[in-house]
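In: Could you look at this predicted model? Sequence included:
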Amino acid sequence: MHTIFFQKNDSLVRAFEVPQGVTAFVGGGGKTTLMLRLAKELSGAGERVIVTTTTHIFPPDGMDTLTNAREADVRAALAKENAVCLGTPSKQGKLAAPDLPVAVLADLADYVLVEADGARKLPLKAPAEHEPVIPEETKLVIAVAGLDGVGRVMEETVFRPELYAALTGGDTHAAVSEGDVARVLSHPDGQRKRVTGGMRYCVLLNKADDARRQSAALKIAELLRQTGRVERTVIAALGKTARETIS
């Protein structure tokens, strides 16, 4: 397993070796930020990119959003702009999954980036029975965890804390440890849930914006390395500068 400290001007596409086709994002603590950063980088390189969801997302700022789109609509939009967002109108101004199947989207664009999980803006989460919703066409799954959740009380920083505690063997009233985060990220009923044998699985440890969080990230990365279940772990402070890349 590789551990990569991501710097502000590095390439996220290279850090994760994002393949053409479908990439899905699960977990908490920065999924949307990562997805949109990848979309910007890919579209800026001339690639055709579709951003979408199998759950719910807000329409991204600065990107054309198509609702209830047909194939011809998507082709026309991608002929004008390299990146578009697809979905169907939902509650509270959010978008739900688009009408077009993900397999069709993969034929229309070079890259399809799918937010496949929800965490209600909390740094950490454990999936419920119906989560995550990973398309079968997915080639890469990136699980995201916010390092600002480490050291905080589980019931205050985790979405579905009872399920998280069941996976870690911990207590919802106790602080989340580095071991807890690593266990849920590598557990087949945690963030690896519904990741099949044909899918690559990588981790982003986000918000590594001070020495304490970077130290926690290295501990988590080492625990993940010991499991042998993660291809690579990227440590980053998306929007901020982290330390230099290592391997």
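Out: Right, received. Where do you want to start?

In: pLDDT wise, what is E129 at?
Out: As predicted, E129 sits at a pLDDT of 95.

In: you'd agree it is in a helix?
Out: No: membership of E129 in a helix is not supported by DSSP: H, G, I helix; E, B strand; the rest coil, which gives coil.

In: For I235, see how far away the closest residue to V153 other than its chain neighbours is.
Out: Excluding the flanking residues, the one nearest V153 by Cβ to Cβ, 6 or more residues apart in numbering is A175, at 5.9 Å. Placement of C-beta: from N, CA and C, glycine included. Distance, A175 to I235, using Cβ to Cβ, to the nearest Å: 21 Å.

In: same question, T138
Out: 23 Å.

In: hmm, back to that, so what's the residue count around the residue nearest to V153?
Out: 15 (other Cβ atoms under 10 Å).

In: Let's verify the residue located most distally from the centre of the chain: helix, strand, or coil?
Out: In terms of distance from the mean C-alpha position of the chain, A72 ranks first, at 28.6 Å (Cα atoms, centre = their mean). Under three-state DSSP, A72 falls in the helix class.

In: just to revisit the earlier point, which phi and psi values does the residue nearest to V153 adopt?
Out: Phi and psi for A175, reported as degrees, to the nearest 10, are phi -80, psi 150.

In: and it, what does it touch?
Out: Shown in contact with A175 (Cβ atoms under 8 Å, 6 or more residues apart in numbering): 151-154.

In: next one: A165
Out: 154, 171-172.

In: The lowest-mean-pLDDT helix or strand in the chain pairs with which strands?
Out: The weakest-scoring helix or strand in the chain, judged by mean pLDDT, DSSP states H and E, is strand 2-5 (a mean of 88). Applying DSSP bridges, strand 2-5 is found paired with strand 232-235 (parallel).

In: Can I get the partner strand in CSV? Just the C-alpha atoms.
Out: Taking C-alpha atoms only, strand 232-235 is exported to CSV below (Å, rounded to 0.1, in the frame of the first residue of the first chain):
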residue,chain,number,x,y,z
ARG,A,232,-3.3,3.5,-1.3
THR,A,233,-4.0,6.2,1.3
VAL,A,234,-3.8,9.8,0.4
ILE,A,235,-3.4,12.3,3.2
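
In: Assign V114 to helix, strand or coil.
Out: Here V114 is recorded as strand under three-state DSSP.

In: Now for the closest residue to it other than its chain neighbours, how many residues are close by?
Out: Excluding its sequence neighbours, the residue lying closest to V114 (Cβ to Cβ, 6+ apart) is A24, at 4.7 Å. By the measure other Cβ under 10 Å, the count of residues near A24 is 29.

In: ok, residues contacting the strand or helix carrying A24?
Out: Using DSSP states H and E, A24 falls within strand 21-27. For strand 21-27, contacts defined as Cβ under 8 Å, 6+ apart pick out 31-32, 34-35, 38, 54, 102, 105-106, 111-117, 119, 124-125, 127, 132, 134-135, 137-145, 185, 191.
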